[in-house]
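S.K.: give me the fold of what follows.
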Amino acid sequence: MEKEFTVVIEQDEDGWYVAEVPALKGCYTQGKTAKEALENIKEVIELCLAGQKAEDIPKMKFIKVELVKVPA
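M.R.: From the prediction side, this is the model:
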C-alpha cells in the first residue's frame with residue numbers, strides 16, 4: 001500500500017535544496033539539486049514512518065503554497 005505526502009522543496013542561501021514533509025515531524029533532508037532532494041526525502045519518509053504508528057500519522061490534504069512578504 002502506498003501513502004502520499006506533500007513535500008515542500010526550497011533552496012537555501014548556499015544553493016542547496018531542502019525538502020520537508022510538513023505532516024511528519026522532523027522529516028527533512030537536502031540535496032545539491034531538487035531532484036536529489038526529492039530522491040533523498042523518499043528514504044527519509046520511510047525512516048520517519050518506521051518509527052510511527054499508522055494512527056499517529058496526520059491525514060492532511062494539500063491545498064496550496066503561498067509566498068507571503070512581511071517587512072524586514
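S.K.: and the helices in this structure, which stretches?
M.R.: Using DSSP state H, the helices of the chain run over 34-50.
S.K.: where does it have low pLDDT?
M.R.: Flagging of the chain using pLDDT under 70 yields an empty set of residue ranges.
S.K.: in stretch 30-46, what counts as buried?
M.R.: Neighbour-count burial for stretch 30-46 flags 30-31, 37, 40-41, 44-45 (criterion: 16 or more other C-beta atoms under 10 Å). For glycine as for every other residue, the C-beta is placed from the backbone atoms N, C-alpha and C.
S.K.: again with stretch 7-22
M.R.: Neighbour counts using 16+ other C-beta under 10 Å place 7, 17-21 of stretch 7-22 among the buried residues.
S.K.: if we can go back for a sec, which of the buried residues of stretch 30-46 lies closest to residue 52?
M.R.: residue 45 (10.7 Å; C-beta to C-beta).
S.K.: so who does the closest one touch?
M.R.: 5, 21, 24, 27 (C-beta atoms under 8 Å, 6 or more residues apart in numbering).
S.K.: from those residues, which would you call buried?
M.R.: Among the contacts of residue 45, the ones that count as buried (16+ other C-beta under 10 Å) are 5, 21, 24, 27.
S.K.: surely residue 29 and residue 19 touch.
M.R.: Yes. Residue 29 is in contact with residue 19 according to C-beta atoms under 8 Å; the separation is 5.5 Å.
S.K.: joint contacts of these two?
M.R.: 37, 40-41, 44.
S.K.: coming back round to it: now the two most distant members of the buried residues of stretch 7-22.
M.R.: 17 and 21 (14.3 Å).
S.K.: tell me who's in contact with residue 33.
M.R.: Going by C-beta under 8 Å, 6+ apart, residue 33 touches residue 17.
S.K.: how close does it get to residue 25?
M.R.: Separation of residue 33 from residue 25 (C-beta to C-beta, to the nearest Å) stands at 26 Å.
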